[in-house]
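Trainee: quick one, what's the 3D model for this:
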Amino acid sequence: MLLFLMLGFSQVVSAQKAVVLDRNGLEVQGALASTGQSVAVQDSLALVAIYMSTNGDRWVNNDGWLTEMVEFWHGVARIQEIQVGDDVFEWRVTRFEMSGNEMTGEIPPEIGLLDQVERFILMYNNLVGPIPEEIGAMERMHTMRFGENYLSGVPPWEALVSLPNLRELQMRVNQLSGDFPPIVADFPSLVNFKCGQIRSREPFPTSSRTSRLWSGSRLARHSSLVRCRISAIWKTSPIFRVAVL
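Mentor: Below you'll find the model as predicted:
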């Protein structure tokens, strides 16, 4: 998966700095944390892909991008030293938050390289196209928000359900469609699900876990789950619309 995502890029890494060349041969420097340690090259590649794919030159705020150290790039909210092996540590991006920044274009598949990100926020932008299936590689993710964009197509449910730590998924106010597959009932950790209105020919599936979740039997112990209830299901023949607040 990693090799596939990195195709089309080249990179040269020295002991002092990381130099990244994107698909167009643009040299990206400054891939260092202020500690003097290199941020993982795969994170630099993913961030550059986001910048190029979403028209970064025209963002409302692109401070630091492609010119300064990665931790000073607007939207890179946190970088941490992560242990990736025995006595092996890397500086990795763990939070990316960019709401209301007039991002346009599509979310690139290279976001799967950000496999240490725990919080990924792209709300209130003008993003179009599908949510990439490569999102399933972001296994540390616990909060994901794509609301208030123009994303379309069928959400990559299998990839999303495979995320073991995902607790909040927000996709409301987009143009997403497609039936809810049975696996949607099997999110292992989800407690806050906001999908807005997704056109589906089938009602929202339930499992033993989500039936308890929706019914409110756990709400007394976890007040935050109140936002995870299905607020309304109504039929507009032959389409069901499911609204989750």
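Trainee: drop to CA atoms for contacts and neighbour counts, all remaining ones
Mentor: Noted.
Trainee: could you list the low-pLDDT ranges of the chain?
Mentor: Counting by pLDDT under 70, the chain has low-confidence residues at 1-37, 196-245.
Trainee: all the helices of it, residue numbers only.
Mentor: Along the chain, the segments classed as helices by DSSP state H run 2-6, 41-53, 157-161, 208-215.
Trainee: quickly note the distance from the nearest residue to Glu133 once chain neighbours are set aside to Met52.
Mentor: Distances taken as C-alpha to C-alpha, 6 or more residues apart in numbering put Pro156 closest to Glu133, at 5.4 Å, once the chain neighbours are dropped. Using C-alpha to C-alpha, to the nearest Å, we find Pro156 at a distance of 23 Å from Met52.
Trainee: spit out the contact partners of the residue nearest to Glu133.
Mentor: 131-133 (C-alpha atoms under 8 Å, 6 or more residues apart in numbering).
Trainee: compare those residues and tell me which is most surrounded.
Mentor: Looking at the contacts of Pro156 with neighbours defined as other C-alpha atoms under 10 Å, the largest count falls to Ile131 at 21 neighbours.
Trainee: enumerate every residue touching that residue.
Mentor: 107, 151-153, 155-156.
Trainee: next, give phi and psi for it.
Mentor: phi -80, psi 120 (degrees, to the nearest 10).
Trainee: from Met98, how far off is it?
Mentor: Between Ile131 and Met98 the distance, using C-alpha to C-alpha, works out to 16 Å.
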